[in-house]
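Trainee: Compute the structure for the input listed below.
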Amino acid sequence: EEAMCERGRDGRERNDCSIVKVGDVLLSIPLAFPVRSDWELVAPLSWALTQAQNAGEWEYAVHINKHLFPENKCNDAQFQQGERLGEEYFAGAAMLLSFAVVTALCVRLYEDRRRKKNDAMSRRSGKEDG
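Mentor: Have a look, this model is predicted:
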């Protein structure tokens, strides 16, 4: 929503409604205070800001200034906030992971067989020498 682009880099019109927002930033306060670490002000200031956020003051400030935030241009009700993605969205990742696991097992079996074969050959050659 907040990063919706109307035009791409090449100047053509762009529709970002197909991009699914998966979550919000955990904590981002667009405000900075230059604080020297030797003033022993860092910890109390951090504590005060954390307390204010936990008390809901940040959410309240966002709520009363909602008109300053960009509005959602997509009217697609396919993905409502908090709705989970279906398993069809993870099919590619699951297939890739399955392929990697099967490949790793095949390599492991091949290495075990080769090691056993080499051990058996070295035992035979040791008996023939002795």
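
Trainee: Can you check which helix is longest in the chain?
Mentor: The longest helix of the chain (DSSP state H) is helix 91-129.

Trainee: Below-threshold pLDDT in this protein: ranges please.
Mentor: In the prediction, the chain carries residues with pLDDT under 70 at positions 1-5, 7, 16-39, 72-85, 127-130.

Trainee: how about a cut-off of 50?
Mentor: 1 (pLDDT under 50).

Trainee: what's around residue 49, how many residues?
Mentor: Using other CB atoms under 10 Å, residue 49 has 16 other residues around it. C-betas here are computed from N, CA, C, even on glycine.

Trainee: any idea how far it is from residue 64?
Mentor: Applying CB to CB, to the nearest Å, the value for residue 49 to residue 64 is 19 Å.

Trainee: what do you get for residue 115?
Mentor: 69 Å.

Trainee: now do residue 47
Mentor: Between residue 47 and residue 64 the distance is 24 Å, computed by CB to CB.

Trainee: Could you do residue 93 as well?
Mentor: Taking CB to CB, one finds residue 93 at 41 Å from residue 64.

Trainee: Now for residue 62: which residues touch it?
Mentor: residue 69 (CB atoms under 8 Å, 6 or more residues apart in numbering).
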